[in-house]
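K.L.:
Everything below, folded, please.
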Amino acid sequence: TYKADIVALCGFGCTYCSSNCGNYLRINWDEGLKLREECERQLGRSVTKDDFPNITIEWPDVVETLEKQIKNAPKSFLEKTDVLVFSPLTDAFSPNLVKNGTTRQVLEILLEKTAFTIRIITKNAIVGKQKWIEFFKQYPDRFKVGLSIGTSDDDLAKKMECGTSTPKARIKALSNL
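P.N.:
Got it, this is the predicted structure:
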């Protein structure tokens, strides 16, 4: 019923990803937030959209924005058990988001301030590690966790899904979960 995207362009470089040319980037590449300008400033060179998937675009205020949105959300967010898809356009378990704690912080806010069942789909096998399994187990009725596996060929995946966990690692993570 709901969704929460927590990053504009994730840290995985899937060559077939529609987010690399989706509305957010299309609108803000030259206009709005002037993403091209900011990428060039940070990288010190000119860039084009062909540089995707080598660029990650994070929202620096995603946690604060979510808290404001939920604060003003209908009271039904606490009464319903609707499904919220966690970052469906980009991978919320991108390495930097996990490392800097954004993924966990956002999930904790959603758990505390909503009654949603949270649907996670990722290409990061980290969700099958003990630390994350223990986190999910604390809320057995709140999480549905899955891993996207487009091929079982690790070599092909490395070419098409740059930076993601190998299919073999994702299958192991599913088994662990």
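K.L.:
unless I'm mixing things up, L35 is touching E58, no?
P.N.:
No: using Cβ atoms under 8 Å, L35 is not in contact with E58, being 11.5 Å away. Where you see a C-beta, it was placed from the backbone N, CA and C, and this is true even at glycine.
K.L.:
what do those two both touch?
P.N.:
Taking Cβ atoms under 8 Å, 6 or more residues apart in numbering as the contact rule, L35 and E58 both touch A8.
K.L.:
of those two, who's got more company?
P.N.:
Between L35 and E58, counting by other Cβ atoms under 10 Å, L35 is the more crowded of the two (21 against 18).
K.L.:
next SSE after the lowest-mean-pLDDT helix or strand in the chain?
P.N.:
Least confident helix or strand of the chain, by mean pLDDT, DSSP states H and E, is helix 23-28 with a mean of 64. Next helix or strand after helix 23-28 toward the C-terminus (DSSP states H and E): helix 35-43.
K.L.:
Tell me the buried residues in that next one?
P.N.:
By neighbour count on 16 or more other Cβ atoms under 10 Å, the buried set for helix 35-43 is L35, R36, C39.
K.L.:
And those residues, which is closest to N96?
P.N.:
Among the buried residues of helix 35-43, C39 lies closest to N96 (Cβ to Cβ), at 15.3 Å.
K.L.:
Near the spatially closest residue to the closest one that is not a sequence neighbour, how many other residues are there?
P.N.:
Take C39 and drop its neighbours on the chain: the residue closest to it by Cβ to Cβ, 6 or more residues apart in numbering is V47, 4.8 Å away. For V47, the neighbour count with other Cβ under 10 Å is 18.
K.L.:
how close does the most centrally placed residue in the chain sit to L107?
P.N.:
Nearest to the mean C-alpha position of the chain, by Cα atoms, centre = their mean, lies A92 at 1.8 Å. With distances taken as Cβ to Cβ, to the nearest Å, A92 is found 8 Å from L107.
K.L.:
what residues are shared contacts of the two?
P.N.:
Shared contacts of A92 and L107 (Cβ under 8 Å, 6+ apart): F86.
K.L.:
circling back to that earlier point, pretty sure the residue nearest to C39 contacts E38?
P.N.:
No: using Cβ under 8 Å, V47 and E38 do not qualify as a contacting pair, with a distance of 9.9 Å.
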